[in-house]
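Asker: Sequence and predicted structure below; questions after.
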Amino acid sequence: MYVSLTKNNLNPNFLETHSIDDTFKKHLEELLSYGISAGADFVEIFIENIDNISLLAEQDTVTSVNPSIGKGIGIRAFLGKRDGFVSTNDFSESGLKFALDQALGMLGLEKITLNNESFEGLNNLKDFGKNKNQFLSDCPSLQESSKKILEATNHLRKYGPKLNVRRGSYSKTIQEVIVASSDGTFARDLRLYQSIGVNVLAADKKNRSSIGRRLGSSSQPRALIEWNADETAQEINESANKMLYAKYVNAGQMPAVLANKFGGVIFHEACGHLLETTQIERGTTPFEHKLNHQIANKAVTAIDEGLSEGAFGSISMDDEGMETQKTILIKNGVLKQFLSDRAGELRTGHARTGSGRRQSYAFAAASRMRNTYIEKGPYKVNELIESIDQGIYCKSMGGGSVGATGQFNFSVEEGYLIKNGKLTEPVKGATLIGEAIDIMPRISMCADDLDLAAGFCGSVSGNINVTVGQPHIKVDSITIGGR
Amino acid sequence: MNNKSTLINELFLKDKLNTLSKEINIKKWDFGASVNNDISVQIDKGEPKQTKASQKSNITIRVWNSENLVGTTSTSDLSDVGLRKALNKALEASMFGNNNETPDFSKLSKTDLPLIKRPIRESVGITKLINLLIEAESDLINSHNSIKSVPYNGLSENRYERVYINSEGAVRHMLLTQASLYLFARAEENGRKPRSSGSIKLAHGVNELDINNCIKEAATRTIDHLDYHPITTGKYLVCFKPEAFLDLITAFSNIYNARSVIDGVSLSTKESIGNQVASEILSLSDNGLHKSNIGAFTFDGEGTPTQDIIIIKDGTLKNFIHSEATAREYGVNPTGHASIGAKASVSPDWPVISKSDGIVSLCPNLNFEKSKETFVLVENLNALHAGIKASQGSFSLPFDGWLVKNGMKKSIESATIAGDIISLLNNIIQIENKQFETHQGVSPHIWINELSITGDS
């Protein structure tokens, strides 16, 4: 296989050496110049170097340690509103040239000198990662990480002797990205993401309950070590025990209170995705022509931003080299802005919002969410619950999805019936079903306890780290799927 | 490039790993490597929107240290520098290897591989892909005046190579080509919610794709749901179409997955073999070599040959699917369902569901095309990743389908189907005779009595 490193190749080991020198820059400029000379309107090169390690502990043993390393390049060329995208692991000069030729060929650009416009060169490097090198030394060692995860599964046993399965997982990713494009953009970032997952399965004869929690952080090397595993173990066991003997919920329409933190996944999935320009391009969002229209209850103000310190969806720059920002999506129920990337701006006219994101070099960037949440409101949590005669309290949400026509479906991991303004027995098997356009106007109360939760979002440009969030909210009426 | 020529030089890689592993004193190792060349196009209203190509390589290396503990590393960097770094990282990881369960080489990693006939097709190139998809999009939009767009569409061709090599001389290598087409149309009528449905087709090469049927199916499935009605919440007689039942059985494959059993997240236990787990009219095998499996590989991540395994016969659980480690634990042969890893995962290949020979079902006259009973015909299950609780055995899933009364079908608006998989398998009252080959397995129509459905009315 053909990666033969010679002095003429782009140095692929920049994470180790931080050697973005003039030679490196010159190689990129040559490629970009070649693309523009061939007639492309715009050419972008995305370079990624990634170093990941993941651990899995089951019961009281580390059962899997999986390091992975990789590097690659994504090259994207635009002609009008069309684009061609090629990704490769082949860093050789011929490999990169072949990839660029392929991207140009996709646009029908096969011969040089169709375009008189010249490429004026890259700007000075904007290095968002220059002060982040301590990540490399401050992160926990493999030994520290495995010890901490075993400590977590041990705590689970302490609080839940009946648990059949206790699992703790940990993942650390250091990602270096460089973006160079024909508008002069030349930017670099060094990113650190850590995530911790804890899952249990409780079983007693035919009764079973499974509960999980995920924590995630960015740019915080000591996040794992400082994590309070004991507290998480107590919380998760309490939930698993309550749900073990819960009865199935009866289906029907009823009011619901959705808890804070991961409860925000519904807004993310059911509404947030519909505010990405990718959806406008496809004609699949009901909000396309609703800018400055009331699309939600006045109680709802919603934000997407990449700035919250340490949050899993925070980024210094997006994957198109643009500095991140805070974007107000909905203000007092009125749609204010869409999330846009470069292609989205080109195809829909909505200005870029620093939201061009991708899983890796193998994906073209697309408009994606970062930290997305509903702002806090004026109420106390008990006021939301007390306002309901018969309904459901969704303390913990499982995953969910949105169909091609906007219908969403979310499982409730931990739920309780509300009767006469009070929480009563636990229920399982509930799913929340609806469409954003119908449900958003029914969010009538927001509590004052906004909190965020880490998660992964899968969409057109792959799986990315995000944060969802909200305070406790009340939905006046929603379909509950059950038995 | 000749259509039979390969991108991976397995002997070169083998020599390279031999040399590098000796340098750092690793005596036992294996690896799986792959190279994937892919081209895909998307269309938007007659214009190419995005065209993509990728050339990706990956290698996962396992090493056994001096205490016989295993470590792994994956890398896309196949240079000497990258491979040396990967070996060192794998050796470091092996210090944390699990001494309760150490994987070994599959004892079948050097046996003969099954012979399968899979043609290797040459690339037709981007221009042809674009033209074919533009034509398909146009034909689909023109097939009905309510179809306004095809928001999700794609045509791709893929050339994929895999090798497995170990330090005891096993060498496996296979190449396949595959093309895929998906078309999901969106239909809109005044005063009604938009409806969307689609179709997926796979073939060994683009020229063999059944494009006309893909268009026809996408159009029919979308138009058939235009006149939708809410359904009353309650219990219904349900008929699952093959794709829907295959989705369900695959989502609950932990029932017959030895890895899940050992990990305690299966609905079965080691002692479940020989137990009745479903109605006796149900039989299930897993046959990764089935002729309809376009992406068939003749060996798994550990080099074990792909096989046709009987899972359930006449309702009785007969076998689990295994990796090398789980098979050794159970005292059987590995079944060819493993990935490569320090803890190899196990997953099904190609489920083939059939009606058991000589068994009469409880309701032998039920037929999805002819029955006059009132029933719900489930076409497609959605949101599987959210609505399946595999370790608990429960599901609650939105679906597309129809309420059928006296042979008349009415599309159902926004409904969810819920139940328990073990109860469902034991309450199968009819399996129709005709099997359908889909892009995810083989199954007939399957009938269940009394399943909960939540609707909007």
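Answerer: In hand now; what should we look at? As the structure is a computational prediction, the values presented were derived from the model and not from experiment.

Asker: mind listing the strands for the stretch 1-150 of chain A?
Answerer: For the stretch 1-150 of chain A, the strands defined by DSSP state E, counting those that start in this stretch cover A:42-58, A:61-79, A:82-88, A:126-127.

Asker: mind listing what the longest one pairs with, with the direction of each?
Answerer: Strands that pair with strand A:61-79, judged by DSSP bridges, come out as strand A:42-58 (antiparallel), strand A:82-88 (antiparallel), strand B:70-75 (parallel).

Asker: For that strand, what does the pLDDT average out to?
Answerer: Strand A:61-79 carries an average pLDDT of 94.

Asker: That strand: how far from the chain's middle?
Answerer: Here strand A:61-79 is found 16 Å from its chain centre; the criterion is Cα atoms, centre = their mean, to the nearest Å.

Asker: Only the buried residues of it, if you could.
Answerer: A:62-79 (16 or more other Cβ atoms under 10 Å in any protein chain shown). Glycine gets a C-beta too; all of them are placed from N, C-alpha and C.

Asker: Next up, the contacts around the residue of the stretch 101-250 of chain A found nearest chain B.
Answerer: Closest approach between the stretch 101-250 of chain A and chain B, counting by Cβ to the nearest Cβ: A:M106, at 3.9 Å. Listed by Cβ atoms under 8 Å, 6 or more residues apart in numbering or on different chains, the contact partners of A:M106 are A:A77, A:G84, A:F85, A:V86, B:P48, B:T51, B:A53, B:I126.

Asker: Let's have the residues you listed in a markdown table, adding distance to A:E238.
Answerer: Formatted as a markdown table, these follow (distance: Cβ to Cβ, whole Å):
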| residue | distance to A:E238 |
| --- | --- |
| A:A77 | 54 |
| A:G84 | 53 |
| A:F85 | 48 |
| A:V86 | 51 |
| B:P48 | 55 |
| B:T51 | 52 |
| B:A53 | 51 |
| B:I126 | 56 |
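
Asker: And those residues, which two are furthest apart?
Answerer: A:V86 and B:P48 (14.6 Å; Cβ to Cβ).

Asker: if we compare the strands paired with strand A:61-79, which one ends up closest to B:N37?
Answerer: strand A:82-88 (9.9 Å).

Asker: Mind listing residues that contact that closest one?
Answerer: Residues from elsewhere that reach strand A:82-88 (Cβ under 8 Å, 6+ apart): A:72-77, A:95-96, A:98-100, A:102-107, A:343, A:361-364, B:47-56.

Asker: can you rerun that using 7 Å?
Answerer: Applying Cβ atoms under 7 Å, 6 or more residues apart in numbering or on different chains, the external contacts of strand A:82-88 come out as A:72-77, A:95, A:99, A:102-104, A:106-107, A:343, A:361-362, A:364, B:47-56.

Asker: for stretch A:165-175, same thing?
Answerer: Residues outside stretch A:165-175 that contact it (Cβ under 7 Å, 6+ apart): A:48, A:50-59, A:135-136, A:139, A:145, A:149, A:152-153, A:156-157, A:191-201, A:224, B:263-265.

Asker: Could I have the buried ones of these as PyMOL selection syntax?
Answerer: Remark: buried members of these, expressed as a PyMOL selection using 16+ other Cβ under 10 Å:
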select buried, (chain A and resi 48+50+51+52+53+54+55+56+57+58+59+135+139+145+149+152+153+156+191+192+193+194+195+196+197+198+199+200+201+224) or (chain B and resi 263+264+265)
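
Asker: Show me what from the stretch 351-483 of chain A comes close to chain B.
Answerer: Contact residues (Cβ under 7 Å from any Cβ of the partner chain) of the stretch 351-483 of chain A with chain B: A:362, A:364, A:398-401, A:403-405, A:407, A:409-411, A:429, A:431, A:433, A:479, A:481-483.

Asker: Whichever of those end up buried, select them in PyMOL.
Answerer: Burial among those is assessed by 16+ other Cβ under 10 Å; the matching PyMOL selection reads:
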select buried, chain A and resi 362+364+398+399+400+401+404+405+407+409+410+411+429+431+433+479+481+482+483
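
Asker: Give me the subset of the residues of the stretch 351-483 of chain A next to chain B that lies in helices.
Answerer: The members of these all map outside helices under DSSP state H.

Asker: Is it correct that B:L13 falls within a strand?
Answerer: No - the assignment for B:L13, made by DSSP: H, G, I helix; E, B strand; the rest coil, is helix rather than a strand.

Asker: could you point out where chain A is predicted with low confidence?
Answerer: A:1-20, A:111-117, A:404-405 (pLDDT under 70).

Asker: The same query, at a cut-off of 80, please.
Answerer: A:1-22, A:110-118, A:161-162, A:399-407, A:483 (pLDDT under 80).

Asker: where do the helices sit along it?
Answerer: Ranges of helices within chain A are A:14-17, A:22-37, A:93-106, A:135-138, A:142-159, A:223-226, A:229-244, A:265-266, A:277-282, A:342-348, A:381-386, A:436-439, based on DSSP H.

Asker: which one of these is the most hemmed in?
Answerer: Of all the helices of chain A, helix A:265-266 has the most neighbours on average by mean count of other Cβ atoms under 10 Å in any protein chain shown, namely a mean of 27.

Asker: Need the helices of chain A in TSV (columns: distance to B:N382).
Answerer: Output for these, formatted as TSV (distance: least, Cβ to Cβ, whole Å):
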stretch	distance to B:N382
helix A:14-17	41
helix A:22-37	41
helix A:93-106	33
helix A:135-138	40
helix A:142-159	33
helix A:223-226	35
helix A:229-244	24
helix A:265-266	16
helix A:277-282	18
helix A:342-348	26
helix A:381-386	30
helix A:436-439	16
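
Asker: Which one, of these, ends up nearest to B:F320?
Answerer: Of all these, the one in closest proximity to B:F320, counting by Cβ to Cβ, is helix A:142-159 (25.8 Å).

Asker: The closest one - contacts with which helices or strands?
Answerer: If you count contacts as 3 or more Cβ pairs under 7 Å, 6 or more residues apart in numbering or on different chains; DSSP states H and E, helix A:142-159 packs onto strand A:42-58, strand A:163-181, helix A:223-226, helix A:229-244.

Asker: what's in contact with that helix?
Answerer: So helix A:142-159 is in contact with A:53, A:55, A:57, A:59-60, A:62, A:163, A:166, A:168, A:170, A:198, A:200, A:224-225, A:229-230, A:233-234, A:237, B:92, B:96, going by Cβ under 7 Å, 6+ apart.

Asker: Counting neighbours, which of the contacts of A:M106 comes out on top?
Answerer: Greatest neighbour count in those, by other Cβ atoms under 10 Å in any protein chain shown, goes to A:A77: 29 neighbours.

Asker: residue contacts, it?
Answerer: By Cβ under 7 Å, 6+ apart, the residues touching A:A77 are A:G35, A:A40, A:V43, A:D83, A:G84, A:A103, A:L104, A:L107.

Asker: Same check on B:G97?
Answerer: By Cβ under 7 Å, 6+ apart, the neighbours of B:G97 are B:L69, B:V70, B:G71, B:A342.

Asker: Rebuild those as JSON lines, extending it with neighbour count.
Answerer: Listed next are these as JSON lines, based on neighbours: other Cβ atoms under 10 Å in any protein chain shown:
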{"residue": "B:L69", "neighbour count": "17"}
{"residue": "B:V70", "neighbour count": "28"}
{"residue": "B:G71", "neighbour count": "25"}
{"residue": "B:A342", "neighbour count": "27"}
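
Asker: got JSON lines for these, with pLDDT too?
Answerer: JSON lines is the format used below for the contacts of B:G97 (pLDDT from 0 to 100):
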{"residue": "B:L69", "pLDDT": "96"}
{"residue": "B:V70", "pLDDT": "96"}
{"residue": "B:G71", "pLDDT": "96"}
{"residue": "B:A342", "pLDDT": "91"}
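
Asker: Perfect, I'm done here.
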